[in-house]
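Undergrad: below is the structure, and that's it, no one-letter string:
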């Protein structure tokens, strides 16, 4: 699996006011890096941004439009707090929706905790980049990545033009 996924570049963005101000250590971003690198993905950037729409929206657009990553994984800002605006920023950057990814994560997480229904994370596409909002807790990040990573490489292959569409013979 390592070689297959190596072609896919990942940007990791943690959303946290306290993390961006240096008042809280980011645990979820480094965990995403570790898990994805173990699966053979290449993490090309990892950063912490403050909560809010504009900083994230601008960064998502920049990464997608410059095509510096095939996949952007965000962590944090998906709850009910007034400052939790990750889904809104992601939707403003989106060109197309990919709802099945977030639905699968919530469905799998509901088997573990009923609070999974409170996650507002979304999954979208801009240009040839997939953006997936993950929860902020390291435990939930791990559970959600375990749910989506086995299938994600096929979707990325189609999005990036490296694989043929589902149900169709290869080129």
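TA: Noted; the coordinates are in hand. Keep in mind the model is a prediction, meaning the values are calculated, not measured.
Undergrad: list the buried residues of stretch 123-139.
TA: Neighbour counts over stretch 123-139 (16 or more other Cβ atoms under 10 Å) mark 123-126, 129-138 as buried. (Glycine included, C-beta is placed from N, CA and C.)
Undergrad: now swap in stretch 56-73 and tell me
TA: 56, 57, 59, 60, 63, 64, 69, 70, 71, 72, 73.
Undergrad: all strands for this protein, in order.
TA: Per DSSP state E, the chain carries strands over the ranges 9-15, 42-49, 71-75, 96-97, 123-126, 129-134.
Undergrad: adding mean pLDDT and distance to residue 148, write those strands out as TSV.
TA: Listed next are the strands of the chain as TSV, based on pLDDT from 0 to 100; distance: least, Cβ to Cβ, whole Å:
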stretch	mean pLDDT	distance to residue 148
strand 9-15	98	12
strand 42-49	98	16
strand 71-75	98	10
strand 96-97	98	16
strand 123-126	98	9
strand 129-134	98	7
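Undergrad: make a markdown table out of the buried residues of stretch 123-139 and add distance to residue 26.
TA: Shown next, in a markdown table, are the buried residues of stretch 123-139 (distance: Cβ to Cβ, whole Å):
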| residue | distance to residue 26 |
| --- | --- |
| 123 | 22 |
| 124 | 23 |
| 125 | 26 |
| 126 | 24 |
| 129 | 22 |
| 130 | 22 |
| 131 | 19 |
| 132 | 18 |
| 133 | 16 |
| 134 | 13 |
| 135 | 14 |
| 136 | 10 |
| 137 | 12 |
| 138 | 10 |
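Undergrad: not counting its own residues, what contacts stretch 99-115?
TA: If you take Cβ atoms under 8 Å, 6 or more residues apart in numbering as the criterion, stretch 99-115 is touched by 116-117, 119, 121-123, 130, 132-134, 140, 143-144, 147-148, 152, 155.
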